[in-house]
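Q: Got a sequence here, can you model it:
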Amino acid sequence: MTNLAAPYRRPVWRELARRHDITIALLESDKSLAGDAKSNRGQDWLHAGDEQLSFQELPTWKYSRGESRYYFLTNIRSAFLVRNHDVVLFGGWESPAYWLLLVACFISGTATVGFYESPQNTMTHKSGPISALRATFFRSMTRVIVPGAAAYDAMHAMGVPGSRILQGFNAVDVTAFHEAAFASTRTETESNEIQHRYLYVGQLIARKRVHDVIQAFAKVARFGDELTVVGTGELLEDLQNLAASHQARITFLGHVPNSELPKIMATHHTLILASAREVWGLVVNEALASGMHVVVAENCGVSRSVRRMSGVYTALENLQDLAEQMHRSRQEWSGRIRSPEILQYSPSQFAAVFEQAFVAARNAPTTVTRKAFARRNR
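A: This is a model prediction of the structure:
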């Protein structure tokens, strides 16, 4: 169960679908997403035409607030589709639809697995009733999957025992990005190349702090250096005006399908992710797989998991040293990293963690799970 058919999630789903009968139940329909002008999602987020996976759209009503989307089931009976499955994986918790589906799982005795990837610093409600509801939801799960150490700590702080938390590593199709980066016949030693090409990929919204990225680039850029901005959002015009005021070489490409990103990363050197809040930041995985350097703010969820990898430069949360880290990346660039550590964290490796959770959930007595839920949440 998840909101959207995110293109970067599908490699993991496909790995699971090779060995299991997997249905991806979506709370957002293709029609609704296509009509959501503020979603900043391209055609690659639509599931129509994907013949490798089985999708099912649930009937929902959507309420939008800023970046967030909340879903309500318009047909309560649709929640009981869970009876047709051995295990239900919850890819979210905030929407009332997830709570109704959870109740249906308990009534039907269907095993439940949660997926949670937010570190504590990205939580908007650290105490109070919303925080308590979140903790209740995940304490009710038979198992919970987290993609990194930061999310593990957050889940443990909610009161979920370590024995029920399975930690993996958030994965993308690292092979596709790596192969694209080294498919060129050009030899990229580039240690003496005058030009350095920086890259930002993501939504153009306040939380991403793209203004700071542009200002830092203008500060450190040498003759011939470039910054490419990939993405769309409400701040596009403001950012274009800011770039023009600096008279720097900054190009805005708009939205680029996920399938085209490997080619773009193959021609750039340093990715920058400077978000004020970032649950993970899978674009960092993609850049590292491409042999690029990465400058990432320390408060991004991915930072803790990759900070010791080659080519990673961590900027302070307040971005005071963002320009400095970008300059360091440029100075220390000596060509693409041919064997980046990120390659070991593949969709297959991450899918194995999900399989482990599914097996554990199926083997856990349903009656025991229900009693534990009632006892923990009295």
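
Q: show me where pLDDT drops low in the stretch 1-150 of the chain?
A: Nowhere does the stretch 1-150 of the chain drop to pLDDT under 70.

Q: Okay, strands next: where are they in it?
A: Using DSSP state E, counting those that start in this stretch, the strands of the stretch 1-150 of the chain run over 23-26, 54-57, 60-65, 68-73, 87-90, 111-115, 143-146.

Q: For residue 286, which non-adjacent residue is closest in space?
A: Closest residue to residue 286 apart from its sequence neighbours, by CB to CB, 6 or more residues apart in numbering: residue 177 at 5.0 Å. Where you see a C-beta, it was placed from the backbone N, CA and C, and this is true even at glycine.

Q: Near the one you found, how many other residues are there?
A: Using other CB atoms under 10 Å, residue 177 has 25 other residues around it.

Q: I'd assumed it was in a helix, is it?
A: Yes: using DSSP: H, G, I helix; E, B strand; the rest coil, the assignment for residue 177 is a helix.

Q: Now do the same contact list for it.
A: Residues in contact with residue 177, defined by CB atoms under 8 Å, 6 or more residues apart in numbering, are 261, 262, 265, 286, 287, 289, 290.

Q: how near is it to residue 110?
A: Per CB to CB, to the nearest Å, residue 177 is found 36 Å from residue 110.

Q: okay, now the residue lying closest to residue 220 once chain neighbours are set aside: neighbour count?
A: Distances taken as CB to CB, 6+ apart place residue 327 nearest to residue 220, at 4.6 Å, with adjacent residues excluded. Residue 327 has 19 neighbours, counted by other CB under 10 Å.

Q: next one: phi and psi at residue 327?
A: Main-chain torsions, residue 327, degrees, to the nearest 10: phi -60, psi -40.

Q: quick one: pLDDT of it?
A: Per-residue pLDDT puts residue 327 at 97.

Q: so it sits right up against residue 217, yeah?
A: No: at 10.3 Å, residue 327 does not count as touching residue 217 under the criterion of CB atoms under 8 Å.

Q: Skip the chain neighbours and tell me the closest residue to residue 353.
A: That would be residue 168: by CB to CB, 6+ apart, it lies 3.6 Å from residue 353.

Q: no, scratch that, I was asking about residue 27
A: In space, and not counting its chain neighbours, residue 27 is closest to residue 71: 4.1 Å by CB to CB, 6+ apart.

Q: cool, and residue 307?
A: Spatial nearest neighbour of residue 307, chain neighbours left out: residue 314 (5.3 Å); criterion: CB to CB, 6+ apart.

Q: Surely the one you found is in a helix?
A: No: Residue 314 is assigned strand when assessed by three-state DSSP, not a helix.

Q: Tell me, how many residues neighbour the residue nearest to residue 353?
A: Per other CB under 10 Å, the neighbour tally for residue 168 reads 22.

Q: Report the contact partners of it.
A: So residue 168 contacts 145, 146, 147, 349, 350, 353, 354 (CB under 8 Å, 6+ apart).

Q: And the residues you listed, which two are furthest apart?
A: Taking CB to CB, the two most distant members of these are 146 and 349; they sit 14.7 Å apart.

Q: Look at the two and report which has more neighbours.
A: More crowded of residue 146 and residue 349, by other CB under 10 Å: residue 146, with 27 against 15.

Q: what separates residue 150 from residue 298, distance-wise?
A: Applying CB to CB, the value for residue 150 to residue 298 is 11 Å.

Q: Oops, could you answer that again for residue 50 instead?
A: 36 Å.

Q: and what of residue 146?
A: Distance from residue 146 to residue 298, by CB to CB: 19 Å.

Q: Now do the same contact list for residue 131.
A: By CB under 8 Å, 6+ apart, the contact set of residue 131 is 123, 125.

Q: can you give me the angle the longest helix seen in the chain makes with strand 111-115?
A: Counting by DSSP state H, the longest helix found in the chain is helix 347-363. Computed by axes from the mean of the first three to the mean of the last three CA atoms, to 10 degrees, the angle separating helix 347-363 from strand 111-115 equals 140 degrees.

Q: Give me the average confidence score over helix 347-363.
A: Helix 347-363 comes out at a mean pLDDT of 95.

Q: Contacts for it next, please.
A: The set of residues external to helix 347-363 that reach it, using CB under 8 Å, 6+ apart, is 11-12, 14-16, 19-20, 86-87, 89, 111-113, 142-145, 147, 166-173.

Q: redo that, cut-off 7 Å
A: 11-12, 15-16, 86-87, 111-113, 142-143, 145, 166, 168-169, 171, 173 (CB atoms under 7 Å, 6 or more residues apart in numbering).

Q: for stretch 251-264, same thing?
A: In contact with stretch 251-264 (CB under 7 Å, 6+ apart) are residues 7-8, 42-44, 176-177, 180, 201, 226, 228-232, 240, 286, 290.

Q: likewise stretch 94-112?
A: In this structure, residues lying in contact with stretch 94-112 by CB under 7 Å, 6+ apart are 1, 27, 60, 70-73, 76, 79-80, 82-83, 85-88, 90, 92, 137, 140-142, 361-362, 364, 366, 370.

Q: got the residue ranges for the helices in the protein?
A: Listed in chain order, the helices of the chain (DSSP H) span 10-17, 30-34, 96-108, 129-139, 149-157, 174-181, 210-220, 236-246, 261-265, 282-289, 303-306, 322-332, 347-363, 366-376.

Q: Most tightly packed of these?
A: Of all the helices of the chain, helix 282-289 has the most neighbours on average by mean count of other CB atoms under 10 Å, namely a mean of 27.

Q: Who are the packing partners of it?
A: helix 174-181, helix 261-265, strand 270-273, strand 293-297 (3 or more CB pairs under 7 Å, 6 or more residues apart in numbering; DSSP states H and E).
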